[in-house]
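Student: I'd like to go over a predicted model; first the sequence, then the structure.
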Amino acid sequence: MKAPEVPPDRMTWPPVPEIYWDGRPFLYFCGTGYLGLQTHGEVIEAGRRAMACGLHTATSRSGWGSTSDHEGIEKRLMDFTGYRECLYLPTGFLSVKTALEILRPDVTDPCGVLMTANLHPAGREAVRSTGLPVQEIDPDFSQLEGKLFRDGDDRPVIVVADGVFPISGAGPMWDRLEPILESGRPVILIVDDAHGFGVLGTHGLGSLNHCGWIPGGPFEPAQCRFSNLRVFHCGTLSKAIGGYGGFVLTNDQVNRRDSCVYTGTTPSPAPVAAATRMALEIFTASPEIHQSLQNNISYFKKRMSECGIATGALPVPIWSRSFDDAAKALQFWRAMAGKGILCQYFPSYSDASQPSIRMALFATHKRSHIDRLVAAIQYASAHTA
Ligand SMILES: Cc1ncc(COP(=O)(O)O)c(C=O)c1O
């Protein structure tokens, strides 16, 4: 059978390692279901059972629409991460917006927002909607000097960054912000950890645990290394965790009514909330699932380095290659598909200005899958002009 010429335009299979597309088997290395929990039997069953109560509450959470599942998700997230406050939201896309809403009434005079140049549209749109002065900074946090941090000005600066960049799998150089924090300047950090939570840090606590700013383990208080740093840890349960919906975690006192996302949306539907709560329970109670993902990442990095192909510094399940034109990227994609590997083609995206091919590993991939992936990358690299 002839190898496919163009990427599929929609998904007709579940997000699992072995799939069928167009009547033929493929190994699937796409998307963000890093821990493989989206298709876990207990997650599916929890959603099915909850459907018996009707689809959703038909009222916002501020109008009695909070169910035991919405509240259970928040409680479990707080217990696991050690933050004192949590808001569970209908989507991760709204998490940075919600963080900005709940902090604004108490930040009367911030000197502005520093936003990384490659920020995901979720954060970018949220920052724009504040009307605050905004400056872009390099994604690797180089050249911070002079960027709002002027001598004699001790107003808080709000920094908004992705914890892990979605396509490249790289992340900010957090240590470059440390001299500013050590100088005592108040900083409010809003991190969109959509790809870091469940992946990086001890038991998947996320990017700020990985970089040592919120050290400690799961089920311990989230204490920041810097007393002048206020953290809003944003993320999604739709990627690694295998459920659905976003969250904001913080040690700040929160008035939920300050957020129009919270007061003005119907919360996630009952089956979604129940399935998400189950996925979160499974993830937090089973460190071995996170360990399997990390084992797969280490194995992939080792195999790639044996083949002389570089991978990034962070232990994340993302690898991508960018090309100067779309034709080359698609040639690479076709070579991979010809070897039975399905990966994703992005003409451009938040952190990818050039056409890119992105691959994602799951905890549920077997070593033999990873061996085939690495062999296909070698082959495709050799056969792309
Ligand atoms: C960095 C980042 N932030 C936010 C989101 C949105 O999350 P959700 O899909 O839960 O709305 C995504 C999803 O692609 C993302 O990559």
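Tutor: Looks like it came in fine. Just so we're clear, the structure is a prediction, and the values are computed from it rather than from any experiment.
Student: what about the strands in the chain?
Tutor: 18-21, 24-28, 85-89, 112-116, 134-137, 157-162, 187-192, 229-236, 246-250, 318-322, 341-342, 344-346, 356-360 (DSSP state E).
Student: Could I get the ones you listed in a markdown table, plus columns for mean pLDDT and mean neighbour count?
Tutor: All C-beta spots, glycine's among them, are computed from the backbone N, C-alpha and C. Below are the strands of the chain laid out as a markdown table (pLDDT from 0 to 100; neighbours: other C-beta atoms under 10 Å):
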| stretch | mean pLDDT | mean neighbour count |
| --- | --- | --- |
| strand 18-21 | 97 | 14 |
| strand 24-28 | 97 | 18 |
| strand 85-89 | 98 | 23 |
| strand 112-116 | 93 | 22 |
| strand 134-137 | 93 | 16 |
| strand 157-162 | 95 | 25 |
| strand 187-192 | 96 | 25 |
| strand 229-236 | 98 | 26 |
| strand 246-250 | 98 | 27 |
| strand 318-322 | 97 | 21 |
| strand 341-342 | 98 | 22 |
| strand 344-346 | 97 | 19 |
| strand 356-360 | 98 | 23 |
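Student: okay, now the closest residue to the ligand within the stretch 51-200 of the chain: neighbour count?
Tutor: Taking C-beta to the nearest ligand atom, the ligand has its nearest neighbour within the stretch 51-200 of the chain at Gly92, 2.6 Å off. Here the number of neighbours of Gly92 (other C-beta atoms under 10 Å) works out to 24.
Student: check contacts around it.
Tutor: 122, 194, 234-239, 245-247 (C-beta atoms under 8 Å, 6 or more residues apart in numbering).
Student: In these, find the pair that's most separated.
Tutor: Greatest spatial distance among those (C-beta to C-beta): Ala122 and Leu237, at 14.4 Å.
Student: So between these two, which is more surrounded?
Tutor: Leu237 (30 against 22).
Student: what separates the nearest residue in space to the more buried one that is not next to it in sequence from Ala274, distance-wise?
Tutor: The spatially closest residue to Leu237, leaving aside those adjacent along the chain, is Gly243, at 4.1 Å (C-beta to C-beta, 6 or more residues apart in numbering). Shown here: Gly243 relative to Ala274, a distance of 9 Å by C-beta to C-beta, to the nearest Å.
Student: residues of the helix ranked longest in the chain that come out buried?
Tutor: Using DSSP state H to define each element, the chain has its longest helix at helix 287-306. Of the residues in helix 287-306, those with enough neighbours to count as buried (16 or more other C-beta atoms under 10 Å) are 289-290, 292-294, 296-297, 299-301, 303-304.
Student: and stretch 121-140, how far out from the chain's middle?
Tutor: 18 Å (C-alpha atoms, centre = their mean, to the nearest Å).
Student: if we look at that stretch, which residues are touching it?
Tutor: Residues outside stretch 121-140 that contact it (C-beta under 8 Å, 6+ apart) are 92-97, 99-100, 104, 110-119, 143-144, 147-148, 158-162, 165, 170, 172-173, 176, 190, 192, 194, 350-351.
Student: just stretch 361-370 next, same as before
Tutor: Contacts of stretch 361-370 (C-beta under 8 Å, 6+ apart): 16-18, 27, 29, 33-36, 289-290, 292-293, 296-297, 299-300, 303, 317-318.
Student: picking up where we left off before, give me the helices and strands touching the longest helix of the chain, please.
Tutor: For helix 287-306, the packing partners by 3 or more C-beta pairs under 8 Å, 6 or more residues apart in numbering; DSSP states H and E come out as helix 270-285, helix 367-382.
Student: Can you pull the residues of the stretch 51-200 of the chain lying near the ligand?
Tutor: 91-93, 120, 122, 162, 166, 192, 194 (C-beta under 6 Å from any ligand atom).
Student: Tell me the one among those residues nearest to Tyr262.
Tutor: Nearest to Tyr262, judged by C-beta to C-beta, of those is Thr91 at 12.5 Å.
Student: Surely that closest one and Gly243 touch.
Tutor: No: look at Thr91 against Gly243 with C-beta atoms under 8 Å: they stay out of range, at 11.8 Å.
Student: Quick check: the residue of the stretch 201-350 of the chain nearest the ligand.
Tutor: Taking C-beta to the nearest ligand atom, the stretch 201-350 of the chain has Thr236 as its residue nearest the ligand, at 3.3 Å.
Student: quick one on the thing from earlier: just give the nearest non-adjacent residue to the residue of the stretch 51-200 of the chain closest to the ligand, would you?
Tutor: Nearest one to Gly92, counting by C-beta to C-beta, 6+ apart, is Thr236 at 2.7 Å.
Student: contacting residues around that neighbour?
Tutor: With C-beta under 8 Å, 6+ apart, Thr236 has these contacts: 91-92, 95, 194, 197, 245-247.
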